[in-house]
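Q: no sequence for this one, just the structure:
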């Protein structure tokens with residue numbers, strides 16, 4: 001007898017629509033769980049690079065102080081004013097034009113930050129704020145013409161002055177469409193006297209910190225202790241042309257010279273202001289900002305720090321007793 005065996009066709013069951021949706025939902029949940037961790041890791045790396053930048057800047061300050069026997073001024077000169085007799089505009093003791101530069105102390109540090117090629121092109125002997133040029137339009141046009149190729153030169157943006165977390169424009173045009181200027185993410189600490197005192201001599205040349213107009217201080221002037229004193233901190237772009245954080249220029253409450261008059265991370269235009277600028281330090285890092293201290297350490301300062309402690313950290317000889325907590 002002949003038997004015929006029927007072969008059954010084996011069929012693997014496929015994914016149903018419900019199962020597919022479940023898998024997609026699980027993958028979505030895993031991504032949602034992992035994404036914050038990835039973003040946090042990236043921010044940690046950016047914050048670490050920012051810390052390294054500030055360490056390089058404070059090390060450059062130490063090398064400069066050792067070589068020159070003083071720190072650079074926060075700004076090379078005054079805006080054609082005779083503050084505390086430090087910059088007479090006439091007479092036998094008149095300060096020469098080349099000492100009336102609006103360039104910041106960061107510029108003086110360039111040879112110690114592997115950027116001597118930029119420094120050598122600036123031409124300090126020509127002056128930047130000659131008395132005859134005061135009052136010529138915005139402070140970012142007329143007097144800068146005294147510096148050869150300034151419009152090209154100040155498009156340079158040394159990465160040591162750039163925080164990787166920053167979303168500010170690398171180049172900013174003050175007077176559209178040209179010239180264009182490079183921005184930075186750090187500012188020297190002038191002290192605790194800020195917009196609440198307007199643009200007085202106390203703000204510019206008589207402040208409580210280590211960097212201000214004209215004056216070149218020494219480490220020995222920091223009697224509060226180098227480990228207790230801000231030298232440099234982070235800044236974010238303001239909403240005004242004067243507050244775009246150009247690394248190569250310094251002014252009261254603007255660009256690369258700031259104070260602790262307003263709390264850390266005070267939003268642009270808020271708090272105590274002068275001409276819409278509050279002169280505050282600020283950061284793109286959540287919860288606070290990095291500051292470089294006189295001893296070369298870099299610490300993350302919480303934006304909930306007590307304002308009195310915050311201001312005390314910006315003074316060089318206030319005699320305050322800081323108990324930490326920042």
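A: All right, it came through fine. Nothing here was measured: the structure is a model prediction, and the numbers come from that model.
Q: elements contacting the helix or strand hosting residue 187?
A: For residue 187, the enclosing helix or strand under DSSP states H and E is strand 186-191. Packed against strand 186-191 by the contact rule (3 or more C-beta pairs under 8 Å, 6 or more residues apart in numbering; DSSP states H and E) you find helix 17-68, helix 105-109, strand 230-234, strand 257-259. C-betas here are computed from N, CA, C, even on glycine.
Q: Can you tell me which of those is nearest to residue 326?
A: When those are compared by C-beta to C-beta, strand 230-234 sits nearest residue 326, at 10.9 Å.
Q: What segments of the stretch 201-326 of the chain are strands?
A: Remark: strands assigned in the stretch 201-326 of the chain by DSSP state E, counting those that start in this stretch are 230-234, 250-251, 254-255, 257-259, 288-293, 298-302.
Q: list the contacts for residue 167?
A: residue 284 (C-beta atoms under 8 Å, 6 or more residues apart in numbering).
Q: tell me the pLDDT at it?
A: The per-residue pLDDT reported for residue 167 equals 87.
Q: quick one, phi psi at it?
A: Backbone torsions of residue 167, given as degrees, to the nearest 10, read phi -110, psi 10.
Q: that older thread, relative to strand 288-293, how tilted is the strand holding residue 187?
A: Interaxial angle, strand 186-191 versus strand 288-293 (axes from the mean of the first three to the mean of the last three C-alpha atoms, to 10 degrees): 70 degrees.
Q: how far away is the nearest residue to residue 184 once chain neighbours are set aside from residue 261?
A: Counting by C-beta to C-beta, 6 or more residues apart in numbering, residue 184 lies nearest to residue 247, which is 2.9 Å off, once chain neighbours are set aside. Residue 247 is 21 Å from residue 261, where distance means C-beta to C-beta, to the nearest Å.
Q: cool, and residue 300?
A: 21 Å.
Q: quick revisit: list the neighbouring strands of the strand holding residue 187 plus their orientation.
A: Strand 186-191 has its sheet partners listed here by DSSP bridges as strand 230-234 (antiparallel), strand 257-259 (parallel).
Q: ok now the first one, how far from the chain's centre?
A: In this case it means strand 230-234. Mean C-alpha position of strand 230-234 versus that of the full chain (C-alpha atoms, centre = their mean, to the nearest Å) differs by 8 Å.
Q: What of stretch 249-269?
A: Relative to its parent chain, stretch 249-269 has a centroid offset of 9 Å by C-alpha atoms, centre = their mean.
Q: residues in contact with residue 166?
A: 185, 236, 284.
Q: Could you double-check that the first one sits in contact with residue 168?
A: Yes - checked against C-beta atoms under 8 Å, the pair residue 185 and residue 168 is within contact range at 7.1 Å.
Q: Quick check on these two: which one has the bigger neighbour count.
A: residue 185 (27 against 16; other C-beta atoms under 10 Å).
Q: bridging residues for the residue sitting nearest the centre point of the chain?
A: Centroid-nearest residue in the chain, with C-alpha atoms, centre = their mean: residue 186, separated by 1.4 Å. Here residue 186 shows beta-bridge partners residue 234, assigned using DSSP bridges.
Q: Residue 291 versus that one, what's the distance?
A: On the measure of C-beta to C-beta, residue 186 and residue 291 end up 10 Å apart.
Q: Overlap in contacts, the two.
A: Common contacts of residue 186 and residue 291 (C-beta under 8 Å, 6+ apart): 54, 232, 233, 234.
Q: mind checking pLDDT for residue 21?
A: 81.
Q: and it, how many neighbours?
A: Counted with other C-beta under 10 Å, residue 21 comes out at 11.
Q: Ok, residue 297 next?
A: Residue 297: 14 surrounding residues under other C-beta under 10 Å.
Q: Quick one: neighbours of the residue nearest to it when sequence neighbours are not counted, just the number.
A: Leaving aside its chain neighbours, residue 297 sits nearest to residue 227 (6.6 Å; criterion: C-beta to C-beta, 6+ apart). If you count neighbours by other C-beta under 10 Å, residue 227 ends up with 13.
Q: now the strands paired with strand 186-191 in CSV, with mean neighbour count?
A: Compiled in CSV, those are given as follows (neighbours: other C-beta atoms under 10 Å):
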stretch, mean neighbour count
strand 230-234, 28
strand 257-259, 31
